[in-house]
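*Asks:* Return a 3D structure for these sequence lines:
(one chain, ligands or ions: 2)
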Amino acid sequence: MPATRLTLPSPAKLNLMLHILGRREDGYHELQTLFQFLDYGDEITFAVRDDGVIRLHTEFEGVPHDSNLIVKAAKKLQEQSGCSLGIDIWIDKILPMGGGIGGGSSNAATTLLGLNHLWQLGWDEDRLAALGLTLGADVPVFVRGHAAFAEGVGEKLTPVDPEEPWYLVLVPQVSVSTAEIFSDPLLTRNSPPIKVRPVPKGNSRNDCLPVVSRRYPEVRNALNLLGNFTEAKLTGTGSCVFGGFPSKAEADKVSALLTETLTGFVAKGSNISMLHRKLQSLL
Ligand SMILES: C[C@@](CO)(OP(=O)(O)O)[C@H](O)COP(=O)(O)OP(=O)(O)OC[C@H]1O[C@@H](n2ccc(N)nc2=O)[C@H](O)[C@@H]1O
Ligand SMILES: Nc1ncnc2c1ncn2[C@@H]1O[C@H](COP(=O)(O)OP(=O)(O)O)[C@@H](O)[C@H]1O
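*Replies:* Residues are numbered from 1 along each chain as shown. Ligands and ions are numbered 1, 2, ... in the order given. Predicted structure coming up:
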């Protein structure tokens, strides 16, 4: 009997660097970025229903049911596969929204992979990643599940294996709109493309950082505080700020000092996403 119920992780990502090379005619920006996953994220439970209805039972503040990326992903997959089954969905949401750690994109990818499994569609990763890209630029990397150097708008992925340190991630209590940062006239949009592989050391800057830290004092403050202990970086368009440590104990020590005034968490960097590790264990 095939499974009818499944709980899957939906991990966060970090952008270890992010360079903006230019702007395309459709307004989207050409990037070069390095994605790594965190062993930290949401958990989504799926239960098959036979009436074709797609229902997310967990409410999100400020996100209507049909705008939720989980529901959008499920509906697109149902439409494009012609599947007559439906799904009940619950999520244990711990990832901050608008934090640059990819929660929405990750939720969409977990939904695509989870439903492909439960509905027994047999879609391959290429097809799921292509559908994912229509939901958001970051969805394909979560579908593939391997740390990657990304180009284009984030869809041209080359798997990489950077070090996997422990990270302290600080979560300033502001939500940063990706669209707002990309439309700022002061954004650097002319970084020279990196042509050498693997990406040489010394390229770890995030071109969004100056604009984000100018607009959001909370982010600036987090960067300054973490910068007293390690190199403090911005992920994506923020708001989250992170730094790497050689051990959990060292990350925990700094966390204990900083999280008196700021929210944050400690998590291991991972080149294979915990979603893929879980799916592998089901086979
Ligand atoms: C820049 C990144 C790095 O990981 O930032 P974060 O969102 O994670 O912070 C992502 O690629 C974001 O991906 P994602 O969050 O999926 O963005 P989308 O929903 O596709 O786009 C939101 C808006 O941002 C702008 N946008 C996004 C990506 C891109 N390469 N160029 C853009 O100009 C567009 O105005 C778009 O309408
Ligand atoms: N399942 C979802 N989880 C998080 N955000 C979602 C979801 N569905 C839609 N959204 C919308 O997408 C926006 C960006 O979310 P998220 O991916 O968490 O941020 P970021 O791209 O900065 O990492 C949110 O502010 C929210 O309005």
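*Asks:* tell me the SS of residue 181?
*Replies:* At residue 181 the chain is in helix, as set by DSSP: H, G, I helix; E, B strand; the rest coil.
*Asks:* which non-adjacent residue is nearest it?
*Replies:* Distance criterion CB to CB, 6 or more residues apart in numbering; nearest residue to residue 181, sequence neighbours excluded, is residue 237 at 4.2 Å. All C-beta atoms are positioned from the backbone trio N, CA, C, and that covers glycine.
*Asks:* Quick check: which element contains the residue of the chain at minimum distance from ligand 1?
*Replies:* Going by CB to the nearest ligand atom, ligand 1 is nearest to residue 236 of the chain, at 2.4 Å. When elements are assigned from DSSP states H and E, residue 236 belongs to no helix and no strand.
*Asks:* Name the helix or strand for the residue nearest to it when sequence neighbours are not counted, please.
*Replies:* Counting by CB to CB, 6+ apart, residue 100 is the residue found nearest to residue 236 once chain neighbours are left out, at 3.1 Å. With elements taken from DSSP H and E, nothing contains residue 100; it lies in neither a helix nor a strand.
*Asks:* what do you get for residue 26?
*Replies:* Assigned by DSSP H and E, residue 26 falls within no helix or strand.
*Asks:* Closest to the centroid, which residue in the chain?
*Replies:* With the centre of the chain defined as its mean C-alpha position, the nearest residue by CA atoms, centre = their mean is residue 102, 2.4 Å away.
*Asks:* residues touching that one, list them.
*Replies:* Contact criterion CB atoms under 8 Å, 6 or more residues apart in numbering gives 12-13, 95, 138, 142, 236 as the residues in contact with residue 102.
*Asks:* Also residue 254?
*Replies:* Contact analysis of residue 254 by CB under 8 Å, 6+ apart lists 168, 226, 229-230, 243, 245.
*Asks:* Taking those residues, tell me the two that lie furthest apart.
*Replies:* 226 and 245 (10.8 Å; CB to CB).
*Asks:* and the two? which has more neighbours close in?
*Replies:* Remark: of residue 226 and residue 245, residue 226 carries more neighbours, 22 against 19, as counted by other CB atoms under 10 Å.
*Asks:* hmm, back to that, identify the residues contacting the residue of the chain closest to ligand 1.
*Replies:* Taking CB under 8 Å, 6+ apart as the contact definition, residue 236 lies against 15, 18, 100-102, 138, 178, 208.
*Asks:* mind checking the SS state of the residue in the chain positioned nearest to ligand 2?
*Replies:* As assessed by CB to the nearest ligand atom, ligand 2 sits closest to residue 104 within the chain, at 2.9 Å. Under three-state DSSP, the three-state class of residue 104 is helix.
*Asks:* and if you look at residue 55?
*Replies:* The three-state assignment at residue 55 reads strand, by three-state DSSP.
*Asks:* State the number of residues packed around the closest residue to it other than its chain neighbours.
*Replies:* Nearest non-adjacent residue to residue 55, counting by CB to CB, 6+ apart: residue 88, 5.4 Å away. Using other CB under 10 Å, residue 88 has 15 other residues around it.
*Asks:* same thing with residue 41?
*Replies:* With other CB under 10 Å as criterion, residue 41 counts 28.
*Asks:* And the strands in the stretch 1-150 of the chain?
*Replies:* With DSSP state E, counting those that start in this stretch, the ranges of strands along the stretch 1-150 of the chain come out as 5-23, 29-49, 54-56, 86-92, 148-151.
*Asks:* Now, the contacts of residue 254 that are in strands?
*Replies:* Using DSSP state E, the subset of those located in strands is 168, 243, 245.
*Asks:* is residue 241 in a bridge, and if so with what?
*Replies:* Here residue 241 shows beta-bridge partners residue 170, residue 234, assigned using DSSP bridges.
*Asks:* coming back round to it: from what I can see the residue nearest to residue 181 touches residue 176, true?
*Replies:* Yes. Applying CB atoms under 8 Å as the test, residue 237 and residue 176 come out as touching, 5.4 Å apart.
*Asks:* got any residues that touch both of those two?
*Replies:* Shared contacts of residue 237 and residue 176, counting by CB under 8 Å, 6+ apart, come down to 100, 212.
*Asks:* Return the per-residue confidence for the residue of the chain closest to ligand 1.
*Replies:* Residue 236 carries a pLDDT score of 97 in this model.
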